[in-house]
Every structure is written in structure tokens, then in C-alpha cells.
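Chemist: with the input below, show me the fold.
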Amino acid sequence: MKECGEYEALISAAVDGAVSEAERRELMGHLAQCAACREKYEQMMALHEAFAAWEAEEPPVDLAAGVMEKIRRERKRSRRRRWQRMTLAAACLAVVVLGVQTVRRLPAESPVPDEDAGLAAYSAPDAVDSADEAAPKATLADSGDLQTDVTYFEACDETGSGQGEAEQAASAVLTSPHQALLLWMEENGAEAGGESDGNRTWTISAQQLEQLEAYLQEAGAGYTLEGTPAEGGSVRVVYEDGAE
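Modeler: Numbering: from 1, shown residues only. Alright, predicted model coming up:
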């Protein structure tokens, strides 16, 4: 004997009229004994009959025309609101421009004279006269000393003399015409003394002299050393341009 679940598909087919006479008799025999399946069958039949009795309502003839008319009205309202916003923005811009031009045309305020500044201006000549009277007057002797100092420094620039007390007190002099000397000076940042007739001079310590000699010997660069460097003293280094 079939279970109720097996009759569900048969009930649906019977409602649609898609069962054979034998299947129909079998279903009717089961429904006479099973109240649950009978209730389900009756509900499905009522729903089927309701759908069969229902007739689709025809849409009105002017439905499409009415929809299109609503669309056109909505578009007009949208364009009207857009033009209103643009007009409002243009009006605001015009107000701003007019305000800026009005501010530019306003006359500049005349500065208010400061009484304290005026008093200070009138008293300034007196202060200048007092300063002139208090300043010492230059004498002929002072002018002579100044001219002597100027002549000395000009001579130092032209002849390369006056290299400073450090070079005058040098206890030894190293001379070389090789480029290796220039390279060592640039790398070690030696104190430059001056330049005359293409010759350049530096002042180094006795300890730096040992390093310079070792560098020149390793580079095969010839040099001459006059004098003996004193301990703690300085050494004068001369590069003879064009003597190589």
C-alpha cells in the first residue's frame, strides 16, 4: 500500500487532468480513506478552478500615451530646475565680481601723521651734529700710517711676499714640480699660503711632511728638501709650475 507522500505527485497530475482512468480510480480510493490527502486535493482543485475562471484584464488603450506624457512632463521639470540652479549661480558670481570691483575703486586711506615721528625728525640733525663733534678728527699722521698699510698689502698681492708669520718661521722648505704634490695637498686640505709667478705655496707640520715625503716617493715624484724641520715647527711647501 502506498504512503501519502507517494500520492502528492498523483494529486497534482489529477488536478491538471493528466492521469489515466486507472490512476484516477486508485487516487479516489485513497482519498476516500485519507482525510489529509483529500483536503490537499480539494485545496489544489479550488486553486485550479480559480485560475481557470480568472480572465486577464486588458490594459487601457491610452496606457502608452499616458506613460510617455508623464515622462515628457518630468523632463521639462528637470530642465527647469537645472536652469534655475544655473541662474542662481550666475547671480552669486555677479555679486562677488561687483563687490571686488567696488573694493578696488575705494580710495586708499591717507596715513595719519605720527607726532612722535615728526619730533624725532626735527631732533635728528641735532643728534648728527653732536656725533660729528664727538668723533675724533683724522690727522696727517694717521693718513700716512693708513697709506703705508695699503702700500704694504698691495705689494704682498703683487709679489707674493708677506706669506704670513707661519711661512717666515718655517724651519724647512720642500720644493717639487710634480702634479702628485698638488693631489696630496687637495686630499689633505693643507693651509694654502699664496701664489706668485705660477708657484703655489702651503704650510704644513713636521708630521705632515713625513706623510708627504712617503707619498711623493711612492708616486716616483722628485722633490728637494732644504733645512731640517724642527719638532713642532712648520714646513713650507712650494709647487714650481713649469719646472717639471
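
Chemist: helix, strand or coil: sort out residue 186 for me.
Modeler: Following DSSP: H, G, I helix; E, B strand; the rest coil, residue 186 is assigned to helix.

Chemist: quick one: which helix or strand includes residue 78?
Modeler: Element membership of residue 78 [criterion: DSSP states H and E] is helix 63-105.

Chemist: residue 230 too?
Modeler: Residue 230 is part of no helix or strand when elements are defined by DSSP H and E.

Chemist: going forward, count from 496.
Modeler: With the count now opening at 496, the last piece we talked about shows up as residue 725.

Chemist: now do it against residue 667, distance only.
Modeler: 8 Å (CB to CB, to the nearest Å). For the C-beta atoms, the positions are set from N, CA and C on the backbone; glycine is no exception.

Chemist: strands of this protein, start to end?
Modeler: 667-671, 686-691, 694-700, 719-722, 729-734 (DSSP state E).

Chemist: got the angle between the longest one and strand 667-671?
Modeler: For strand 694-700 and strand 667-671, the angle between their directions (axes from the mean of the first three to the mean of the last three CA atoms, to 10 degrees) works out to 140 degrees.

Chemist: now do strand 694-700 against strand 729-734, angle only.
Modeler: For strand 694-700 against strand 729-734, the angle by the same axes, to 10 degrees is 150 degrees.

Chemist: who does strand 694-700 pair up with?
Modeler: According to DSSP bridges, strand 694-700 forms sheet pairs with strand 686-691 (antiparallel), strand 729-734 (antiparallel).

Chemist: pick out the shakiest of those, pLDDT-wise.
Modeler: Per-segment mean pLDDT for the strands paired with strand 694-700 reaches its minimum on strand 686-691, at a mean of 63.

Chemist: mean confidence score for stretch 540-557?
Modeler: In this model, stretch 540-557 has a mean pLDDT of 78.

Chemist: helices and strands of the protein: which one bottoms out on pLDDT?
Modeler: The least trusted helix or strand in the chain, going by mean pLDDT, DSSP states H and E, turns out to be helix 635-654, with a mean of 41.

Chemist: between residue 725 and residue 667, which one's more packed in?
Modeler: Remark: of residue 725 and residue 667, residue 667 carries more neighbours, 17 against 13, as counted by other CB atoms under 10 Å.

Chemist: confidence score at the spatially closest residue to the more buried one that is not a sequence neighbour?
Modeler: Excluding the flanking residues, the one nearest residue 667 by CB to CB, 6 or more residues apart in numbering is residue 722, at 3.7 Å. At residue 722, the predicted lDDT confidence score is 87.

Chemist: how much space is there between residue 722 and residue 670?
Modeler: Using CB to CB, we find residue 722 at a distance of 11 Å from residue 670.

Chemist: okay, those two: which has more neighbours?
Modeler: For residue 722 versus residue 670, neighbours defined as other CB under 10 Å are more numerous around residue 670 (18 against 13).

Chemist: hang on, the more buried one packs against residue 718?
Modeler: Yes - with contacts counted by CB atoms under 8 Å, residue 670 reaches residue 718, the gap being 6.4 Å.
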